[in-house]
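> Fold the following, please.
(2 chains)
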Amino acid sequence: MNLVQELPEVFETFAEQRRNSFLTVKKIKEQGIPVVGSYCTYFPTEIAMAAGAATVSLCSTSDETISAAEEDLPKNLCPLIKSSYGFAKTDKCPFFYFSDVVVGESTCDGKKKMYELMGEFKNVFIMELPNSQRDAVLPMWKDEILRLKAYLEELFGVEITEEKVREAVKLNNDIRRAMKNFYSVMQHEPAPIKGGDLFKVLYGTGFNFNRKQIPADLAALTEKIEKEYADGKMLDSRPRILITGCPIGGVTEKVIRAVEDNGGVVVAFENCSGAKSQDRLVDEEAEDIYEAIARRYLDIGCSVMTPNPNRLELMGRLIDEYQVDGVVEMTLQACHTYNIESSTIRKYVTTEKNIPYMSVETDYSQQDVGQLNTRITAFLEMLE
Amino acid sequence: MNYIGIDIGSTTAKTAVLSEDGTLLFRKVIPTGWSSKEASQNLKELLEANGFSPEACPCVATGYGRVSVPYAKRQVTEITCHARGAMWLHEFSEGTIIDIGGQDTKIIQVAGGTVQNFLMNDKCSAGTGRFLEVMARALETDTAGLCELSAKGGGVTISSMCTVFAETEIISLVGRGEKRENIAYAVLDSIADKVAAQAKKMRIGEGFLCLTGGLCECEELKASLADKLGQEVISHPDGRFAGAIGAALSGMKRRR
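Here you go, the predicted model:
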C-alpha cells in the first residue's frame, strides 16, 4: 500500500478493494486455487484457509436483484436474504460465480430456508448452528466444524492438517487484532476521521485476498492516522454515535451518511461489519484447536442466539471505551430477531448505560432517505 | 426583535411570529399544495403584507419541506420544534406530545424542557392525517366533517391498517348500506388505535399528554385517544401551530 497518499485517497483505495477483487478472484481461479463463498460471520474461515482455499463474502447489499428473488421468495422477507438469493439466481455476483461451494449456517429462519432453494442450483454446504451458547451445545457445533473440514478435504482433494489450521488461526487473530487497533482510533475525542471512512476500511479489507498483507497494511494506516491526530488533524467535536443492529453495507450505508451529514460522527460499529466480527479471538494455545474455533464463533453476539448476553456485553464496553453519546440501531425490514431484540437493546442502552437510543427500520430502497434524515437529525438535536 | 417560524408540512404550511417578550404576534396556515417552495414564498408574502420581514429577523424553518425555505437562517427538525412549541403553548416541561401530521405521526417525550425520546411511524400512512383525508374523501366530506359525523356513529370497525386497503374496505361498507356516521366512527377509531399503540410502545406512562397538529381540534379523536390510553388528552386551539411556534422559539434560543 502506498501510504504517501493523503488519508482520503487511502480510504478510497480500501473502498475500491471490493471492485478490484472481482478480477482478483478470477485470477485466483485460473491459478487453480479453490474459492469458498459465505454470507455470514459465523463461517469459520480458518477451516477453508487451511484447505488452501480463498474465502470471499458474497454479494447481498443491493436492491437490483430483489425483484428477481421475489419470483421465488416472499415479498415480506428481509432484503438481505432476498438480495443474496437474487444475486445468486441471476448470476450477477462474480464471487458467487467463482465459488466452488457456498457455506451457509442455520442462523435465522429466512436464511436457512433460502439456502435450501439456493441448493437447487449451487453447491451449498449448510452448517447447523445452535440457537444458544450453552456449553452443552458446543460439541455439536464443533462436530459441524469437523464435518465442514471433512467436506472440504473431499471436495478439494486435500488434507487439512492441524498445523495448517493453527497457522490460519494465528493469521486470522493477527488480522482481528490489527482491525481492532485500527478502529480504536475512534476512541479519541474529537474523532480523528469520519465513521464513513472507517467503514470503507472495515468493509474493504474483507475483500483483500492477500490476507497475510492485511495486518501490516492496517498497522501502517493506524499509525498514519495517529500521527496526523498528534499533529492536530481531527474533526471538530460532535455527537458520538454507535451504530448497532443488522449488517450494514452498500445501500444501507445511507444510515451512516444520515448521521454524518447531519452533524454526528459514527465512532463505533457494533454489527457484523465492525466489532461484532472482530472483537473475539480464537484461543491459539488451546489443546483442542477445533473446540477453540467452535467456541469463538459460537460466542458471536448475534440476535439469532437466545439468550444473547454477549451483544450487550460488547455494546456496553464500546459505549464506555468510545465515549458514545447515543446509540442508533438499524434493523432491516422483516428481520425478526433484530427487530424483536431492539426492545431489549433500548432498555439496556437507556436504563443501564443512561444514554439515548433510537431504532430505524429500513430496507434496500432509497425512498426513505428523507425520513431517515429527519429522524436521525432530530436524534442528534436531542443530544446537543 | 421578532422571531419567525415556518413549518412546511405535507398538507399545510404554517407560520408563527413571536415578539422578544414571547407574545404570539401573528400566525397563519395555508395549504402546502404541490410545491413547498411556492408555499414558503406565499408565507413570506403573507408575513410581509402584515409587516414582518423574515429576511430581517431570525427565521427558522421546520417540517418536511424545511429545506425549501430559502429565506430561513436555519433548519430544525419538526420533532424538536413540535416539542418546543407544545411546551410553550401548554406551559409544561415534562410529559408527552402526540402530533398527528399529514404524512407522519410523532410521539415525543419531554423532560426538563428537552426531548428525551421520540417515535415516528414507519413509511406508511396508517395512523396519519393522510389516512383520515383519504377516508374523508371516500365519504365525500373533509376531515372536520368526518370528525363531526363520527360523533353520531358507532358499532363498526375497519380492520385494515393500510390506507389503500382501508379505502376498499370503506367502499364495501358503503356498498352494504352502512351509515356514513358509523363509517366515520370506524375511521377515527382505527386511527386512534394505531396512534395509541405507538404511544404504548413508548411506555409514555401517566402524566401530561397533549395532542398537536391539524387534528387537535377533533374532539372525537381526543376522546377516543383518551379512552384507549386511559388518561386525559389536552389540546390547544393553536395546537396546529406548535411546529411553527417551536421554530420561532428555536431562533430565539439560538440568539440568546
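> Check what pLDDT residue B:9 gets.
Note for residue B:9: predicted pLDDT of 92.
> what's the nearest residue to it if we skip its chain neighbours?
residue B:63 (4.8 Å; C-beta to C-beta, 6 or more residues apart in numbering or on different chains). Bear in mind the C-beta positions are built from the backbone N, C-alpha and C, glycine included.
> repeat for residue A:84
The nearest residue in space to residue A:84 (C-beta to C-beta, 6+ apart) is residue A:60, at 4.0 Å.
> OK, contacts around the residue in chain B sticking out farthest from the centre?
Distance from the C-alpha centroid of chain B, by C-alpha atoms, centre = their mean, peaks at residue B:176 (33.2 Å). Counting by C-beta atoms under 8 Å, 6 or more residues apart in numbering or on different chains, residue B:176 touches no other residue.
> Quick check: it vs residue B:183, distance?
10 Å (C-beta to C-beta, to the nearest Å).
> was I right about the residue nearest to residue B:9 contacting residue B:11?
No: between residue B:63 and residue B:11 there is no contact under C-beta atoms under 8 Å: 10.2 Å.
> between these two, which one's more packed in?
Counted by other C-beta atoms under 10 Å in any protein chain shown, residue B:63 and residue B:11 do not tie: residue B:63 has more neighbours, with 33 against 18.
> nearest spatial neighbour of the closest residue to chain B within chain A, skipping sequence neighbours?
Distance from chain B to each residue of chain A (C-beta to the nearest C-beta) is smallest for residue A:378, at 3.6 Å. Leaving out its chain neighbours, the residue that sits closest to residue A:378 by C-beta to C-beta, 6+ apart is residue B:79, at 3.6 Å.
> And the helix or strand hosting the one you found, what does it pack against?
Secondary-structure element containing residue B:79, defined by DSSP states H and E: helix B:78-90. Judged by 3 or more C-beta pairs under 8 Å, 6 or more residues apart in numbering or on different chains; DSSP states H and E, helix B:78-90 is in contact with helix A:369-383, strand B:3-8, strand B:59-62, strand B:95-100, strand B:105-111, strand B:114-120, strand B:209-212, helix B:242-255.
> between these, which gets nearest to residue B:191?
Checking these against residue B:191 by C-beta to C-beta gives strand B:95-100 as the closest, at 7.6 Å.
> Give me the mean pLDDT for that closest one.
Computed over strand B:95-100, the average pLDDT equals 95.
> Also stretch A:191-204?
pLDDT averaged over stretch A:191-204 gives 96.
> Please apply the same query to stretch B:213-226.
92.
> Is chain A within reach of that stretch?
No: applying C-beta under 8 Å from any C-beta of the partner chain, one finds stretch B:213-226 separated from chain A by no less than 15.3 Å.
> how about that stretch: buried residues?
B:213, B:214, B:215, B:216, B:217, B:218, B:220, B:221, B:222, B:224, B:225, B:226 (16 or more other C-beta atoms under 10 Å in any protein chain shown).
> Tell me, how many residues neighbour the closest residue in space to residue B:200 that isn't next to it in sequence?
For residue B:200, ignoring the flanking residues on the chain, the nearest one in space by C-beta to C-beta, 6+ apart is residue B:229 at 7.4 Å. A count of nearby residues for residue B:229, using other C-beta under 10 Å, gives 19.
> From chain A, how far out is residue B:229?
20 Å (C-beta to the nearest C-beta, to the nearest Å).
> show me the contacts for that residue.
B:196, B:199, B:200, B:204, B:209.
> and which of those residues is nearest to chain A?
Nearest member of those to chain A, counting by C-beta to the nearest C-beta, is residue B:200, at 12.7 Å.
> Nearest to chain A within the stretch 51-200 of chain B, name that residue for me.
residue B:79 (3.6 Å).
> State the pLDDT value of that residue.
95.
> for the one 3 residues further on, same thing?
Confidence at residue B:82, expressed as pLDDT, is 96.
> how many other residues sit next to it?
Residue B:82: 32 neighbours (other C-beta under 10 Å).
> wait, doesn't it sit right on residue B:106?
Yes: between residue B:82 and residue B:106 a contact is recorded at 6.5 Å, counting by C-beta under 8 Å.
> shared neighbours of these two, anything?
B:97, B:99.
> so what's the residue nearest to residue B:9 up against?
Counting by C-beta under 8 Å, 6+ apart, residue B:63 makes contact with B:6, B:7, B:8, B:9, B:13, B:78, B:243.
> roughly how far apart are the closest residue to residue B:239 other than its chain neighbours and chain A?
Excluding its sequence neighbours, the residue lying closest to residue B:239 (C-beta to C-beta, 6+ apart) is residue B:216, at 3.4 Å. As judged by C-beta to the nearest C-beta, residue B:216 and chain A stand 20 Å apart.
> Check the average confidence over stretch A:370-381, would you?
94.
> mind checking how far that stretch is from the chain centre?
From the chain centre to the centre of stretch A:370-381 is a distance of 25 Å (C-alpha atoms, centre = their mean, to the nearest Å).
> And it, what's buried?
So, applying 16+ other C-beta under 10 Å, buried residues of stretch A:370-381: A:371, A:372, A:373, A:374, A:375, A:376, A:377, A:378, A:379, A:380, A:381.
> Kindly report the same for stretch A:92-102.
Neighbour-count burial for stretch A:92-102 [16+ other C-beta under 10 Å]: A:93, A:94, A:95, A:96, A:97, A:98, A:99, A:100, A:101, A:102.
> Mind pulling the model confidence for the first one?
Right, residue A:93. pLDDT, residue A:93: 93.
> tell me the contacts of it?
A:58, A:59, A:87.
> The last one contacts residue A:57, doesn't it?
No: shown here, residue A:87 and residue A:57 do not form a contact pair, counting by C-beta under 8 Å, at 11.7 Å.
> out of those two, which sits in the busier spot?
With other C-beta under 10 Å as the criterion, residue A:87 and residue A:57 differ in neighbour count, and residue A:87 comes out ahead with 25 against 21.
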